[in-house]
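**Q** Provide a 3D model corresponding to the input given below.
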Amino acid sequence: MSRFYLICFLLVAAQTWGQKQLQKLIAHADQQVVALDYIEALKYYQQALELEPTSLDLQWKIAQTNAQFKDYKTAARFFLKVYEQDPDGQRYPTAQLQYALMLKQQAMYKEALAQFKEVKKVFSEDKTSTAYAKANQEVLACTWVLKQLKFLSAEENAALQAHPLNTIDAEFAHDFYNDTLIYSALKADSLAEDQEQVYSKNYKLNLYQFPATDSQNAGVLVGQKPQFEYGNFSISPDQTFGFCSECERSAAGLNCKIVRILPQQKAWIVDSTFKIDDSEGNYYSMPHIFELNKKLHLAYSAQHPTGRGGTDLYIALLDQKGKIMSTENLTGLNSIENEVSPWYDPLFQRLYFSSTWHAGFGGLDIFYSNLQADGSFGPPINLGMPYNSPANDLYFFCKGDTAYLSSNRLGSLYASHPTCCSDVFFTYLDRPQPKQTPTSTTAIQIVQLPIQLYFENDHPNPKSTAETTEFSYEETYVKYKSQYPLYLQKVQEGRDTSAARYQAQSLYTFFENEVDKGMNDLALFREQVWQALQSGQQVSIIVQGFASPLAKSDYNVHLTKRRIASIINYFEEVDGGKFSAYMQTTPSRLQFIEVPMGEFQAKKEVSDNYYDQRNSVYSKDASLERRIEIIELRTQTITPK
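**A** I've put the predicted structure just below:
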């Protein structure tokens with residue numbers, strides 16, 4: 001009996017020791033996550049998982065840490081494990097959503113889209129929930145990305161060049177001081193000789209310069225406080241002062257404020273008497289100083305209870321010493337998530353920034369917003385590839401004819417996994433002086449309306465009663481154009497030589513003077529629409545659809561709706577999708593008013609005989625009826641709020 005009690009005692013003692021050891025491992029790993037030492041954290045989480053391999057909580061922590069470490073593949077695997085063990089979301093309701101986000105950051109857009117649609121359905125009972133809003137936004141984003149990928153050019157597929165300053169650490173470029181690039185880097189105190197194993201548990205962000213002034217590259221700031229980290233450098237146009245971020249790390253995250261820095265010989269000194277923050281300890285960071293209308297401004301990112309959510313973009317009017325005179329929240333650009341790293345381009349009058357919310361290719365995408373004639377910034381437009389990737393892309397800015405950005409995309413240097421750490425990338429741009437913006441009195445040549453756009457028989461999506469299509473008008477036009485020889489052949493069949501020649505010539509003239517002209521007119525028309533949008537106006541395009549009388553009237557109504565949808569798709573996709581941003585605003589800045597007519601307007605003399613296809617399908621008369629018309633362009637001036 002005493003042996004039995006001894007065994008029980010030993011089992012209980014071992015179990016108690018195991019639980020204490022488990023808690024110790026998890027507590028240490030949690031601390032390393034706060035310190036940004038994800039390698040150390042994952043090592044200890046894995047040891048804890050070996051002690052308790054079925055722990056859902058541990059698998060969730062490992063998934064989250066890998067996501068923070070930007071190991072999207074491993075994070076996806078663990079989020080999927082959590083979701084499969086907790087399919088009803090009783091403990092981790094957003095596991096499937098996080099799994100979908102990790103798929104997206106691996107460029108698995110079709111797979112991610114399917115998951116986002118499921119998540120949207122799960123949370124559809126509460127459309128006010130953050131999970132529903134995110135899933136709905138990502139459905140739109142993945143759909144948009146898949147459309148963009150259909151039209152990628154060789155230039156958009158070209159890889160950016162890696163900057164020589166890059167190491168296996170994380171680097172973020174910010175600004176130039178004369179010919180010196182100022183950047184921040186997240187470095188550990190010491191590394192192994194092979195630069196693969198981090199000895200220090202302490203990672204800190206600091207500002208550096210390239211080329212370095214010495215072999216140690218000790219940093220560009222003096223007067224730093226040891227408890228703080230420094231990044232996000234921006235210099236005033238006259239170079240008399242600058243701003244950077246001063247941050248302190250805690251379990252709740254980074255607490256940052258913007259501090260003024262002053263030039264001192266070959267370094268910059270922190271001016272401890274001047275800062276931009278508030279007494280409540282909110283996040284203020286990523287300063288960018290610029291001139292607009294001969295006045296000094298500061299764009300920055302801040303997290304504040306009065307904001308829309310996450311970090312918002314703000315623009316402040318400054319005096320000549322950098323003191324804030326007034327501040328404006330850029331509500332038209334901000335979302336319920338994060339908008340960061342603003343940079344204003346005075347050459348093209350655009351504000352660039354990155355966002356996790358607006359429709360994009362990855363986690364953080366780079367967007368721009370045009371300064372409009374009324375002084376407001378237009379809706380965010382995705383900068384597209386190759387500037388954006390499935391990873392995180394931010395800190396876009398230009399110096400001369402070179403564009404810089406920071407990204408953890410494939411091709412970055414790494415020691416642990418391919419997307420762990422951001423590097424600085426660059427590419428050369430053609431940046432000519434832009435044409436002078438037309439004034440309100442400048443006459444703009446208007447494309448004569450209506451614009452007639454023609455379609456191949458029963459296209460797009462033949463033999464369908466659907467009212468939408470995935471094809472754009474440009475795609476249907478290219479397909480129709482490839483069928484010209486077939487139409488010219490078919491229209492001549494069964495006719496004598498003279499009649500055949502007449503029909504062929506008539507049809508050929510129609511293709512050249514009507515179908516091709518319509519496509520050319522559409523290209524000119526979209527420039528007119530773009531100018532109206534840039535002047536701050538709300539634009540409505542009135543579109544009317546027609547069809548030949550070969551099918552029943554109700555079928556033709558569906559067909560004309562698909563054809564109208566193709567022109568909407570055209571505006572969503574053309575020019576890198578820049579019009580889609582104006583179509584997604586609330587209220588919509590660019591909207592389409594549809595007037596589907598089916599065959600009701602078709603000429604009575606046009607053949608509707610299925611067995612006489614040379615006349616009902618291939619003839620010029622039948623071809624003339626298969627069209628949509630842009631019949632009106634309406635504009636309305638919007639009063640800035």
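**Q** from the chain's centre, how far out does stretch 111-122 sit?
**A** On the basis of Cα atoms, centre = their mean, to the nearest Å, stretch 111-122 is displaced by 19 Å from the centre of the chain it belongs to.
**Q** right, and S588 touches Y582 too?
**A** Yes. Counting by Cβ atoms under 8 Å, Y582 is a contact partner of S588 at 7.4 Å. Bear in mind the C-beta positions are built from the backbone N, C-alpha and C, glycine included.
**Q** okay, these two: which has more neighbours?
**A** Y582 (22 against 14; other Cβ atoms under 10 Å).
**Q** can you pull out the strands in the stretch 151-300 of the chain?
**A** 161-162, 170-177, 180-188, 203-210, 221-222, 229-235, 242-250, 253-264, 267-276, 283-292, 295-303 (DSSP state E, counting those that start in this stretch).
**Q** for the fifth one, packing partners?
**A** Meaning strand 221-222. Other helices and strands packing on strand 221-222, by 3 or more Cβ pairs under 8 Å, 6 or more residues apart in numbering; DSSP states H and E, are strand 267-276.
**Q** the nearest residue to T465 once chain neighbours are set aside: what's it in contact with?
**A** Closest residue to T465 apart from its sequence neighbours, by Cβ to Cβ, 6 or more residues apart in numbering: H558 at 4.9 Å. Neighbouring residues of H558 by Cβ atoms under 8 Å, 6 or more residues apart in numbering: S464, T465, A466, E467.
**Q** please repeat the previous calculation with a cut-off of 7 Å.
**A** Residues near H558 by Cβ atoms under 7 Å, 6 or more residues apart in numbering: T465, A466, E467.
**Q** what about the closest residue to Q227 other than its chain neighbours, distance to Y230?
**A** Nearest residue to Q227 in three dimensions, chain neighbours excluded: E248, at 6.1 Å (Cβ to Cβ, 6+ apart). Noted for E248: a distance of 11 Å to Y230, by Cβ to Cβ, to the nearest Å.
**Q** those two: which is more packed in?
**A** Y230 (24 against 13).
**Q** tell me the contacts of the more buried one?
**A** Y230 touches L205, N206, L207, L221, Q224, C244, S245, E246, counting by Cβ under 7 Å, 6+ apart.
**Q** which ones are touching the closest residue to N255 other than its chain neighbours?
**A** Closest residue to N255 apart from its sequence neighbours, by Cβ to Cβ, 6+ apart: E248 at 5.0 Å. For E248, the contact set (Cβ under 7 Å, 6+ apart) comprises Q227, F228, N255.
**Q** now, which of those sits nearest K117?
**A** Proximity of the contacts of E248 to K117 (Cβ to Cβ) peaks at N255, which lies at 38.0 Å.
**Q** okay, now that closest one: neighbour count?
**A** Counted with other Cβ under 10 Å, the neighbours of N255 add up to 18.
**Q** hang on, the earlier thing: would you turn the contacts of Y230 into TSV with neighbour count, distance to I168 and pLDDT?
**A** Formatted as TSV, the contacts of Y230 follow (neighbours: other Cβ atoms under 10 Å; distance: Cβ to Cβ, whole Å; pLDDT from 0 to 100):
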residue	neighbour count	distance to I168	pLDDT
L205	20	16	88
N206	18	16	92
L207	23	19	93
L221	20	23	86
Q224	15	24	84
C244	27	24	94
S245	28	23	93
E246	26	26	92
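**Q** closest one to Y428 among the strands of the stretch 151-300 of the chain?
**A** Of the strands of the stretch 151-300 of the chain, nearest to Y428 by Cβ to Cβ is strand 161-162, at 8.6 Å.
**Q** direction included, what does the closest one pair against?
**A** strand 423-428 (antiparallel) (DSSP bridges).
**Q** next one: the strand it pairs with to chain centre, how far?
**A** Counting by Cα atoms, centre = their mean, strand 423-428 comes out at 18 Å from the chain centroid.
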